[in-house]
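**Student:** build the 3D model from these lines:
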Amino acid sequence: MANVVPLDEYTGEWYPGFRPEFLASPFIVDGTGPFTKDDEDKFWFLDFHWSRGLTPLAAFTWGQDGYCWGTQHAAEGLPLPPGRGVTSRFAGTHLYGSAIPETDPREIGARANRLGTTLPRFLQNYQQTWAAGRDELEATWAYFHGLDLAQVPTAELPGLLDQARRYHKRSMEIHFDVMYPLLVNFLGFYGACAEMGIDTADIGKFLQGEDTKIMETDRGLAELAVKAKRAGLRQVFEDNEGSAIRAALSAHGGSASQWLTDFDDFLQVYGHRQEATCDVGVPSWIEDNTIPLDMIRSFVLKETDHDFEAAARNAVEEREAAIEAARSGLTREEQAVFDAGLRSNQEANFPWWQDDHNYYIDLKVMIPLRRVTQELAARVGADDRNDLLHLFWPELRAVAEGRAYHGELKSLVADRRQYFDHWGALRGQMPKVLGTVPETVEDPVLIEIFGLNPASIRAMQNPDAAAETTLTGVAAAKGIATGPARVLQSSDDMHRLEPGSILVCESTSPSWTPAFGKIAGAVCDGGGMLSHAAIVGREYGVPTVTAVGVATVAIADGDQIEVDGTNGKVTILKRASEIADAAADGEAAG
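**Tutor:** Predicted structure coming up:
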């Protein structure tokens, strides 16, 4: 029987000055907006991609053009038989998603018949389809990257805003038009493996070991760390962190000057990425060096360098061993089915694409819109170059067309900044689920990407979750690790991860990947077999458990925990408070 988590606390007034017409934009099935009481009959999950919350401009562009337009466009076009995509709502600044089910049996059958035609065609042309979409987006990126915005006449800024928004919207069409058929193909193989008695925890291993642009970026960061140590700069990194690292290196001079030149060359290739998925409110690495410098610092301070080549070899060896073990237990007829499904999934490899598309889409397509908005802020004399990110799209367009910014809009921006900060501080208290919560879900995206399975859904509804000492989830990457928990709200806090610590978070994105080179294990609230944490945990050989549901609720920073990535189990061995008390008693006795 479904449980209802009331929405009352999250309905009512939204961002100061918000009006419903601010979100008026085409959608296919359902558009975005703040919660209303009418939404209580649907199931809503807190999306882990935006733990900071979303500014008004980000709420519009992602909530409407990304979540709603992108997923619904793909689900209707493929089509996805039981689902029509995803819609979104906001509790304060925090985004919740909900799958849109197709409930008409006749329509489900018709959609399944269409899928039987479109999916084989897609799989036959997958490589060309993805390459064409990627190249189209790269051409648009090159256009924006080549613009000197300071030289663009003010009268042309409205058109540039429109083009930048269209670039993001088009990227979402390409994103989900590729993602959905890849996912459906994987799930077909997954189902066949399960029917043949193959351990489903091994299926992700069959597709691992492929190099990606994200791994290429991580190797570049590690190489810079090696150069820093060779140049005698370890002490500079040890004594500083975050934004202070660059200033310290500049003051150091000598070998540090050459190192900074190499670092800046690296950024010109790999620095066009943000720390959140398609979030116009987040700076790129080039705009703010803090994150990449902290990542390099992590590598510098490790006693031994992470061996990427060995990790890659291990991933391939584990893949081949898992495939051989699976085949050995099958009949000849079953082997033929297994081999065909494996070949199809290796050629159209979802885990590989998951990281590859992050490089070309998720981490950079909002940068042009951010840059144009910042340029407009400078032209209208805003106090801060990021102030206009706190306008909704119609307000931003009006300012670009000549509406006065100073006065009402400037006052609203100040109020909205306070609203954003207020709700950002509440992230840890936000319910993981809202509305009418079912015992299980059927949408494949919710299951395999977000990790919303029956066990995680039950955990998220447990009123005593904070007192649990044994947690279960998806066995994402095998192995057992023990260490101190570091509970992180976002990748901004990655510098707190020491070698041997256990990362505990809502979920990870490519921004977290370098951390897997030094942590002992990882535990995530969300994420299924195809989530980023699961994929990277397998590639790096880091024991990982995903889809725990309440890891960030039950585990406190400093708790001593054990991660069993083979069996999907997390055990809190000793609470941080007990460790602190024992240390205090020891000091007193000494």
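
**Student:** and the helix or strand hosting residue 536, what does it pack onto?
**Tutor:** Element membership for residue 536 (DSSP states H and E) is helix 532-540. For helix 532-540, the elements it packs on are helix 308-328, helix 350-357, strand 474-477, strand 521-524, strand 544-546, judged by 3 or more C-beta pairs under 8 Å, 6 or more residues apart in numbering; DSSP states H and E. Heads up, the C-betas are built off the backbone N, CA and C, glycines and all.

**Student:** change it to 6 Å
**Tutor:** strand 474-477, strand 521-524, strand 544-546 (3 or more C-beta pairs under 6 Å, 6 or more residues apart in numbering; DSSP states H and E).

**Student:** to residue 405, which of these lies closest?
**Tutor:** strand 521-524 (41.1 Å; C-beta to C-beta).

**Student:** for that closest one, C-alpha coordinates in CSV please.
**Tutor:** What follows is strand 521-524, C-alpha atoms only, in CSV (Å, rounded to 0.1, in the frame of the first residue of the first chain):
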residue,chain,number,x,y,z
GLY,A,521,35.3,3.0,-0.5
ALA,A,522,32.2,4.8,-1.5
VAL,A,523,28.6,4.8,-0.3
CYS,A,524,25.8,6.7,-2.1
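
**Student:** identify all contacting residues around that strand.
**Tutor:** With C-beta atoms under 6 Å, 6 or more residues apart in numbering as the test, strand 521-524 has contacts from 481, 502-504, 507, 533, 537, 542-546, 548, 551, 563, 570.

**Student:** in its sheet, what does that strand sit against?
**Tutor:** strand 502-505 (parallel), strand 544-546 (parallel) (DSSP bridges).

**Student:** pipe those strands into TSV and attach mean neighbour count, distance to residue 575 and mean pLDDT per row.
**Tutor:** As requested, the strands paired with strand 521-524 are exported to TSV (neighbours: other C-beta atoms under 10 Å; distance: least, C-beta to C-beta, whole Å; pLDDT from 0 to 100):
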stretch	mean neighbour count	distance to residue 575	mean pLDDT
strand 502-505	26	14	96
strand 544-546	31	19	96
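
**Student:** which of the three states applies to residue 563?
**Tutor:** Classification of residue 563 by DSSP: H, G, I helix; E, B strand; the rest coil places it in strand.

**Student:** does it really touch residue 479, like I thought?
**Tutor:** No - the criterion here is C-beta atoms under 6 Å, and residue 563 misses it with residue 479 at 8.1 Å.

**Student:** which strands and helices sit next to the longest helix seen in the chain?
**Tutor:** Determined from DSSP state H, the single longest helix within the chain is helix 157-195. Contacts defined by 3+ C-beta pairs under 6 Å, 6+ apart place helix 157-195 against helix 71-77, helix 126-145, helix 332-347, helix 350-357, helix 367-379, helix 393-400.

**Student:** in this protein, where is pLDDT below threshold?
**Tutor:** 1-2, 590 (pLDDT under 70).

**Student:** any idea how it splits into domains?
**Tutor:** 3-180+363-429, 213-308, 462-581 (automatic domain parsing).

**Student:** looking at these, which is buried most?
**Tutor:** Mean neighbour count (mean count of other C-beta atoms under 10 Å) peaks for domain 462-581 among the domains of the chain, with a mean of 22.

**Student:** what's the first-to-last distance across it?
**Tutor:** Using C-alpha to C-alpha, to the nearest Å, one end of domain 462-581 lies 29 Å from the other.

**Student:** skip the chain neighbours and tell me the closest residue to the residue most central in space within the chain.
**Tutor:** Central residue of the chain (C-alpha atoms, centre = their mean): residue 509, 3.8 Å from the mean position. Residue nearest to residue 509 in three dimensions, not counting chain neighbours: residue 532, with 5.8 Å by C-beta to C-beta, 6 or more residues apart in numbering.

**Student:** quick revisit: okay, the strands paired with strand 521-524 in JSON lines with distance to residue 99 next?
**Tutor:** JSON lines is the format used below for the strands paired with strand 521-524 (distance: least, C-beta to C-beta, whole Å):
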{"stretch": "strand 502-505", "distance to residue 99": "23"}
{"stretch": "strand 544-546", "distance to residue 99": "19"}
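
**Student:** picking up where we left off before, how about a markdown table for the helices and strands packed on helix 532-540, with distance to residue 383 added?
**Tutor:** What follows is the helices and strands packed on helix 532-540, written out as a markdown table (distance: least, C-beta to C-beta, whole Å):
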| stretch | distance to residue 383 |
| --- | --- |
| strand 474-477 | 45 |
| strand 521-524 | 38 |
| strand 544-546 | 42 |
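
**Student:** between the helices and strands packed on helix 157-195, which gets nearest to residue 450?
**Tutor:** helix 71-77 (12.3 Å).

**Student:** toward the C-terminus, what is the element adjacent to that closest one?
**Tutor:** That would be, after helix 71-77 and using DSSP H and E, strand 83-91.

**Student:** which other helices and strands contact that next one?
**Tutor:** Strand 83-91 packs on helix 71-77, strand 94-101, going by 3+ C-beta pairs under 6 Å, 6+ apart.

**Student:** go again using 10 Å as the cut-off
**Tutor:** Packed against strand 83-91, as judged by 3 or more C-beta pairs under 10 Å, 6 or more residues apart in numbering; DSSP states H and E, are the following elements: strand 43-46, helix 71-77, strand 94-101, helix 105-124, helix 157-195, strand 433-437, helix 444-448.

**Student:** mind listing the strands the first one pairs with, and their directions?
**Tutor:** For strand 43-46, the paired strands and their directions (DSSP bridges) read strand 94-101 (antiparallel), strand 433-437 (antiparallel).

**Student:** residue contacts, residue 227?
**Tutor:** For residue 227, the contacting residues are 233, 255, 258-259, 262-263, 296, 300, by C-beta atoms under 10 Å, 6 or more residues apart in numbering.

**Student:** ok, the residues you listed vs residue 527, which is closest?
**Tutor:** Using C-beta to C-beta, those come closest to residue 527 at residue 296, 26.0 Å.

**Student:** next up, the contacts around that closest one.
**Tutor:** Taking C-beta under 10 Å, 6+ apart, one finds 220-228, 237, 245, 259, 263, 266, 289, 514 in contact with residue 296.

**Student:** can you do 8 Å?
**Tutor:** Residue 296 makes contact with 221, 224-225, 228, 237, 263, according to C-beta atoms under 8 Å, 6 or more residues apart in numbering.

**Student:** over to residue 60?
**Tutor:** 22-23, 25, 32, 392-393.

**Student:** try 10 Å
**Tutor:** Residue 60 touches 22-23, 25, 32, 54, 66, 165, 280, 391-396, counting by C-beta under 10 Å, 6+ apart.

**Student:** residue 422 is in contact with residue 16, correct?
**Tutor:** No - Residue 16 is not in contact with residue 422 according to C-beta atoms under 10 Å; the separation is 11.1 Å.

**Student:** how close does residue 413 sit to residue 24?
**Tutor:** Residue 413 is 21 Å from residue 24, where distance means C-beta to C-beta, to the nearest Å.

**Student:** also residue 484?
**Tutor:** 49 Å.

**Student:** over to residue 93?
**Tutor:** Distance of residue 93 to residue 24, computed by C-beta to C-beta: 20 Å.

**Student:** residue 547 now?
**Tutor:** For residue 547 relative to residue 24 (C-beta to C-beta), the value is 36 Å.

**Student:** over to residue 109?
**Tutor:** Counting by C-beta to C-beta - residue 109 and residue 24 are separated by 35 Å.

**Student:** same check on residue 7?
**Tutor:** 23 Å.

**Student:** if we can go back for a sec, which one of the helices and strands packed on helix 532-540 lies closest to residue 188?
**Tutor:** strand 474-477 (19.3 Å).
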